[in-house]
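In: Below are the sequence and a predicted model for it; my questions follow.
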Amino acid sequence: TAAAAARGETADPRGVVAVAAAKHHTLFADARGTLFSCGVGGGGRLGHGDETHLPLPRAVPLQRAVVCVAAGLDHSLAGTRC
């Protein structure tokens, strides 16, 4: 959620309920609905509004809870209903 991102939260592997991995990046959703991303940020695929590469998962600022994720070569998807 946006609040988690503002706090700079990182993913706790014990609370992860969904994972999607692509060639250069990975997405995680936790039980609270917070989306985390890490990897190569080219093209904005990590969802942080820039192209920064992140070696560790960082919360993505979203207004709604995420329940499922998908990732491809140059894209990321986060679903609020699946």
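Out: Now that the structure is in, tell me what you want to look at. Please read these numbers as outputs of a predicted model, since none were measured by experiment. Numbering: from 1, shown residues only.

In: Just the helices from the chain, written as ranges.
Out: Listed in chain order, the helices found in the chain under DSSP state H are 2-6.

In: where along it do the strands fall?
Out: Counting by DSSP state E, the chain has strands at residues 16-21, 25-30, 35-39, 54-59, 68-72, 75-79.

In: Identify the neighbouring strands of the second one in the sheet and state each direction.
Out: For strand 25-30, sheet partners with direction are given as strand 16-21 (antiparallel), strand 35-39 (antiparallel), following DSSP bridges.

In: Out of those, which is closest to A29?
Out: strand 16-21 (4.1 Å; CB to CB). Just so you know, the C-beta spots here come from the backbone N, C-alpha and C atoms, and that holds for glycine as well.

In: Quick check: A29 vs R58, distance?
Out: Distance of A29 to R58, given as CB to CB, to the nearest Å: 14 Å.

In: joint contacts of the two?
Out: Common neighbours of A29 and R58 (criterion: CB atoms under 8 Å, 6 or more residues apart in numbering): F36.

In: Show the pLDDT at the residue nearest to V16 when sequence neighbours are not counted.
Out: Counting by CB to CB, 6 or more residues apart in numbering, V16 lies nearest to F28, which is 5.0 Å off, once chain neighbours are set aside. Reading off the confidence values, F28 has pLDDT 93.
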